[in-house]
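Asks: A predicted structure for the sequence below; I have some questions about it.
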Amino acid sequence: MQTFEALNAETLPVRLGSYAVLTDRIGSAADGWTVREVGDGNLNLVFIVEGAKGSLIVKQALPYVRLVGESWPLPLKRSYFEYNALIRQAERDPGMTPDVLFFDREQAIIVMEFLTPHIILRRALIEGQQLPKIGRDLGLFLARTLFRGSDLAMEARKRKEDLALFADNVELCDITENLVFSDPYYEAVLNRHTTPQLDGIVAELRADRDLKVEAQRLKHKFVAHAETLLHGDLHTGSVMVTPDNTRVIDPEFAFYGPMAFDVGMLLANFWMSYFSQAGHEKAGDREEMRAYLLGVVVEIWDVFRAEFAHLWRTERKGILYQAALFENRGDPLGAEQALDEVLHAIWDDMLGFAGIEIHRRILGLAHNADFETIEDADLRARCETKALKLGRHLAVNRHRIHGLAEIHALAERLEKEIVS
Ligand code: SR1
Ligand code: MG
């Protein structure tokens, strides 16, 4: 076994230059590959490699958290989980992930199709771009991957094998368990927030018993409700877009968890984008963008529900809610009642996960560019305060919220509020 060695722009052509899987696609290294390291995420190296015939992406995990440094070791095996998740997502929702061309487990290298002219969705939203297809594409992706990775659809042995495979992704789950569900609610060492502007509301949230209990209930669901194969980190930085194409990338946090987690994390990121628009606005030019963002949330949720219901009626071949109990004995309404209950449980938990995700991006270690790129700290803090309030409402009152219209009315009220 070759010991792990991190790639760099100079060594990459030497180390990978003779692999047919790469040279067939982009030409031989001898022709002169151009290599650029473009990784701006929190964990990995990402290279764009261009040759005479084309281009591709080489992603390599590092044995530590890039955002923090070597003091925080992180196993290379996350690359193995990412590779396995990409393969499964490609089967479950074809065309929504980058094609994987090559995987080297020891060196934690995944070679993938270079998505171009795609850009990261978060960046597009910060720039005020409206992408017409994302609501539908992401709603379908959620329904197809979450349904088809679960006991509703999979053969029991296959699902249990996958449960065991992804159960080893312990260290990445540990990141989420701490960074998302606990650290934001006490003075954890790596936390940061816009200070002193947010000091007051941060103290209030950390003293909020109802909120902390709810966050722990949600954490309990996250760790103990192994329902389906999750993407595990489905924010707007994990989606690449053009106006007519949407791809989901980076499933290294994949593991078996509650369906509602991916849905809630994704919607939270649209709600944060909504509140951050004021920080990127020039002369009130983001009004339409705000309406667009709330529309995308509605579309994702509606498409998710409709597709989930369609799969429930056509692909429910797993060990749960068997047709033998309902349709096959002339009781299709029984199956519909069960579907309503399953979707309602996802709704309830999704709101909670969304609230917590909003909090951790403002109070914890890993912030997002939506707020971070607002240079004026007072303005940033005003945007963040509104998002924090929505997050608290979602997490604590989730069982009493009846629809997105109610949430969006509150978001619009908060947006108009004058925050000092
Ligand atoms: C230490 S990793 C911080 C965050 O980056 C990843 O993208 C995940 O969102 C994680 O929580
Ligand atoms: Mg990522």
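Replies: Looks like it arrived, so ask away. Residues are numbered from 1 along each chain as shown. Ligands and ions are numbered 1, 2, ... in the order given.

Asks: Okay, the residue of the stretch 201-350 of the chain found nearest ligand 1 and R209: tell me how far apart.
Replies: The stretch 201-350 of the chain approaches ligand 1 most closely through D233 (4.7 Å), counting by Cβ to the nearest ligand atom. Where C-beta positions appear, they are placed from N, C-alpha and C, glycine not excepted. According to Cβ to Cβ, to the nearest Å, D233 stands 29 Å off from R209.

Asks: now L410
Replies: Applying Cβ to Cβ, the value for L410 to R209 is 22 Å.

Asks: Check A278 too.
Replies: 31 Å.

Asks: So if I had to pick from the two, which one is more boxed in?
Replies: Ranked by neighbour count (other Cβ atoms under 10 Å), A278 and R209 place A278 first, with 17 against 7.

Asks: residues in contact with the more buried one?
Replies: For A278, the contact set (Cβ atoms under 8 Å, 6 or more residues apart in numbering) comprises 286, 379, 382-383, 415.

Asks: re the thing from before, can you get me a residue count around the closest residue to the residue of the stretch 201-350 of the chain closest to ligand 1 other than its chain neighbours?
Replies: Nearest non-adjacent residue to D233, counting by Cβ to Cβ, 6 or more residues apart in numbering: F253, 4.1 Å away. By the criterion of other Cβ under 10 Å, F253 has 24 neighbours.

Asks: Residue numbering should commence at 51 henceforth.
Replies: Sure, I'll start numbering at 51, so the last one becomes F303.

Asks: re the thing from before, SS state for the residue of the stretch 251-400 of the chain closest to ligand 1?
Replies: Of the three states, D283 takes coil according to DSSP: H, G, I helix; E, B strand; the rest coil.

Asks: which residues sit in contact with V150?
Replies: V150 neighbours (Cβ under 8 Å, 6+ apart): 133, 136-137, 140, 160-163.

Asks: For D335, which non-adjacent residue is spatially closest?
Replies: G178 is the one closest to D335 (Cβ to Cβ, 6+ apart), at 7.3 Å.

Asks: coming back round to it: what distance do you get for the residue of the stretch 251-400 of the chain closest to ligand 1 to R430?
Replies: 23 Å.

Asks: give me phi/psi at V289?
Replies: Phi and psi for V289, reported as degrees, to the nearest 10, are phi -130, psi 130.

Asks: So it versus R448, what's the distance?
Replies: Per Cβ to Cβ, V289 is found 24 Å from R448.

Asks: Quick one: residues contacting G414.
Replies: Residues near G414 by Cβ under 8 Å, 6+ apart: 229-230, 233-234, 238, 240-241.

Asks: List just the nearest of these to R194.
Replies: V230 (24.4 Å; Cβ to Cβ).

Asks: Next to ligand 2 in this structure, residues from this structure, please.
Replies: Within the chain, the positions adjacent to ligand 2 are 91, 300 by Cβ under 5 Å from the ion.

Asks: Any idea which residue is closest to the centre of the chain?
Replies: The structure's the chain has its C-alpha centroid closest to L284; by Cα atoms, centre = their mean the separation is 0.8 Å.

Asks: Now the residue in the stretch 151-300 of the chain that ligand 2 sits nearest to. Nearest residue, chain neighbours left out?
Replies: Across the stretch 151-300 of the chain, the shortest distance to ligand 2 (Cβ to the ion) belongs to D300, at 3.8 Å. Distances taken as Cβ to Cβ, 6+ apart place S288 nearest to D300, at 4.7 Å, with adjacent residues excluded.

Asks: Could you check how far that neighbour is from D398?
Replies: 24 Å.

Asks: Between these two, which has more neighbouring residues?
Replies: S288 (23 against 14).

Asks: Wait, the more buried one touches E302, no?
Replies: No - using Cβ atoms under 8 Å, S288 makes no contact with E302, being 9.7 Å away.

Asks: For stretch 175-187, list the C-alpha coordinates in PDB.
Replies: The C-alpha atoms that make up stretch 175-187 are tabulated as PDB, following Å, rounded to 0.1, in the frame of the first residue of the first chain:
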ATOM      1  CA  LEU A 175     -27.800  33.700  -5.100                       C
ATOM      2  CA  ILE A 176     -25.400  36.200  -3.600                       C
ATOM      3  CA  GLU A 177     -25.100  37.800  -7.000                       C
ATOM      4  CA  GLY A 178     -28.900  38.000  -7.300                       C
ATOM      5  CA  GLN A 179     -29.200  35.400 -10.100                       C
ATOM      6  CA  GLN A 180     -32.600  33.700 -10.400                       C
ATOM      7  CA  LEU A 181     -32.200  30.100 -11.600                       C
ATOM      8  CA  PRO A 182     -35.400  28.800 -13.100                       C
ATOM      9  CA  LYS A 183     -34.900  25.100 -12.600                       C
ATOM     10  CA  ILE A 184     -33.500  24.600  -9.100                       C
ATOM     11  CA  GLY A 185     -36.800  24.300  -7.200                       C
ATOM     12  CA  ARG A 186     -38.000  21.400  -9.300                       C
ATOM     13  CA  ASP A 187     -34.500  19.700  -9.700                       C
END
